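K.L.:
Got a predicted structure plus its sequence, pasted below:
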Amino acid sequence: MSPPDPALLRLRRARRISRGLRRFVYRPLGFVALGLGLIGMVTPVMPGVVFLILAAWLFARSSPRFERWILEHPRYGSFVRNWRAHGVIPRRAKFIAYASFVLSVTVVWAVGAPPIAIAATTVSVLAVGIWMALQPETPAG
């Protein structure tokens, strides 16, 4: 019996390291994105579904169990599944996001934030709003 090929041994070691990196990097980042998504679901100043989509992507590479939990979530799973399958955003979700954008800029302005914060918030929501307007949508959400 001949000794194993050194190139094959290096490949196996690289795969083992890669699995470890995915588990120790992607999974914690997935939980951070999931937490931000959950916060975004209850606050008007932060998007929620975007972070859930990111969390599902990270969990797809590190934890199939948590990916499945997001995809099968009774309330938010359909948003992530629709985005993955068709790249669509429900019309209702777009309107809610636009209203949240207006509310966010209004709150930042009303609390007397520095002009740079008002400008940064306005530019951010305009950029995301324009991008979102260019995405295809489902008629109802």
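P.N.:
Everything's here; your move.
K.L.:
list the helices and strands the helix or strand in which residue 29 is found packs on?
P.N.:
Using DSSP states H and E, residue 29 falls within helix 27-42. Applying 3 or more Cβ pairs under 8 Å, 6 or more residues apart in numbering; DSSP states H and E, we find helix 27-42 packed against helix 49-60, helix 64-71. Any C-beta I mention is one placed from the backbone N, CA and C, and that applies to glycine too.
K.L.:
Pull out the buried positions in the last one.
P.N.:
Read it as helix 64-71. For helix 64-71, a neighbour-count test (16 or more other Cβ atoms under 10 Å) marks 66-67, 70-71 as buried.
K.L.:
The helices and strands packed on helix 27-42: which one's closest to residue 134?
P.N.:
helix 49-60 (14.9 Å; Cβ to Cβ).
K.L.:
will you turn the buried residues of helix 64-71 into a markdown table that also has distance to residue 81?
P.N.:
Below are the buried residues of helix 64-71 laid out as a markdown table (distance: Cβ to Cβ, whole Å):
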| residue | distance to residue 81 |
| --- | --- |
| 66 | 15 |
| 67 | 11 |
| 70 | 9 |
| 71 | 6 |
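K.L.:
what inclination does the helix holding residue 29 have with respect to helix 49-60?
P.N.:
160 degrees (axes from the mean of the first three to the mean of the last three Cα atoms, to 10 degrees).
K.L.:
Go through helix 27-42 and flag the buried ones.
P.N.:
Quick answer for helix 27-42 (16+ other Cβ under 10 Å): 27, 29-31, 33-34, 36-37, 40.
K.L.:
tilt between that helix and helix 64-71?
P.N.:
10 degrees.
K.L.:
Which residues does helix 27-42 contact?
P.N.:
For helix 27-42, the external contacting residues (Cβ atoms under 8 Å, 6 or more residues apart in numbering) are 46-52, 54-55, 58-59, 62-63, 66, 70, 76.
K.L.:
Drop anything exposed from these.
P.N.:
Here, 16+ other Cβ under 10 Å leaves 47-52, 54-55, 58-59, 62-63, 66, 70, 76 buried among the contacts of helix 27-42.
K.L.:
Closest to residue 98 out of the buried residues of helix 27-42?
P.N.:
Within the buried residues of helix 27-42, the smallest distance to residue 98 is 14.8 Å, found for residue 40 (Cβ to Cβ).
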